[in-house]
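S.K.: Pasting the sequence and the predicted coordinates here, then a few questions.
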Amino acid sequence: MKPWIKKTLMGIFGASIAVGGLTACSSGHHHRGPMNAEKMAEVRGKVVERVSSKLDLNDAQKAKLNVLADKMEAQRTAFIGKTADPRAEMQALVAGEKFDRTRAQTLLDEKTRAVQTSSPEVISALADFYDSLNPEQQQKVRELMQRRKGWMARG
């Protein structure tokens, strides 16, 4: 595989994980805790529509983008796990006189395992989506990734 292709795929993968993570964790000053399913679906729809319009995707490409979004959402769900309140879980690590190293390592192991388990599917879906793009669309992805504010920036 050519080095620039590898770099581009890793850049897209990193950007998609970052976008997924940021959209999962943020939604403004009025929001507390993880997004509910309705809000997540709304954000996902906006991201898919934005990518679709920026790249002028056809229906087959949109379908591959939706598969990628499904895989990323599944990875996000696995990463969050069964924790009802992730912030409380983190606060529990410093609640005592000493930092709970054992629990912190257990949390890290759980999160790492969740990412490692679902990453091959995310990478495969990302590769399928990218490979479905024509050369002009691929170039547009590379150009959008080079912009200072990132490719999902408004404007």
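M.R.: Cool, got the structure. Numbering: from 1, shown residues only.

S.K.: tell me which residues in stretch 59-67 are buried?
M.R.: The neighbour-count check on stretch 59-67 (16 or more other Cβ atoms under 10 Å) flags 61, 62, 64, 65, 67 as buried. C-beta coordinates here come from the backbone N, C-alpha and C atoms, glycine included.

S.K.: surely the second one meets residue 52?
M.R.: Yes - Residue 62 lies in contact with residue 52 (Cβ atoms under 8 Å); the separation is 5.5 Å.

S.K.: Assign a three-state SS to the residue lying farthest from the centre of the chain, would you?
M.R.: Within the chain, the residue lying farthest from the chain centre (Cα atoms, centre = their mean) is residue 97, at 35.4 Å. Here residue 97 is coil, with the state taken from DSSP: H, G, I helix; E, B strand; the rest coil.

S.K.: Tell me the spacing between it and residue 69.
M.R.: 44 Å (Cβ to Cβ, to the nearest Å).

S.K.: before we move on, back to that, starting from residue 56, give me the distance back to the residue farthest from the centre of the chain.
M.R.: Separation of residue 97 from residue 56 (Cβ to Cβ): 59 Å.

S.K.: same thing with residue 125?
M.R.: Separation of residue 125 from residue 56 (Cβ to Cβ): 20 Å.

S.K.: Neighbour count: these two, which is higher?
M.R.: residue 125 (21 against 11; other Cβ atoms under 10 Å).

S.K.: Surely residue 114 is in contact with residue 82?
M.R.: No - in this structure, residue 114 is not within contact of residue 82 by Cβ under 8 Å, at 11.1 Å.

S.K.: which one of these two has more residues nearby?
M.R.: Using other Cβ under 10 Å, the more surrounded residue of residue 114 and residue 82 is residue 114, with 18 against 5.

S.K.: confidence score at the more buried one?
M.R.: With respect to pLDDT, residue 114 has a value of 85.

S.K.: before we move on, what about residue 33?
M.R.: If you check residue 33, the pLDDT there is 55.

S.K.: Beyond the lowest-mean-pLDDT helix or strand in the chain, next helix or strand please.
M.R.: Here the helix or strand of the chain ranked lowest by mean pLDDT, DSSP states H and E is helix 3-25, holding a mean of 55. For helix 3-25, the following helix or strand on the C-terminal side (DSSP states H and E) is helix 37-55.

S.K.: Follow the chain on from that following helix and name the next helix or strand.
M.R.: By DSSP H and E, the next helix or strand past helix 37-55 is helix 59-80.
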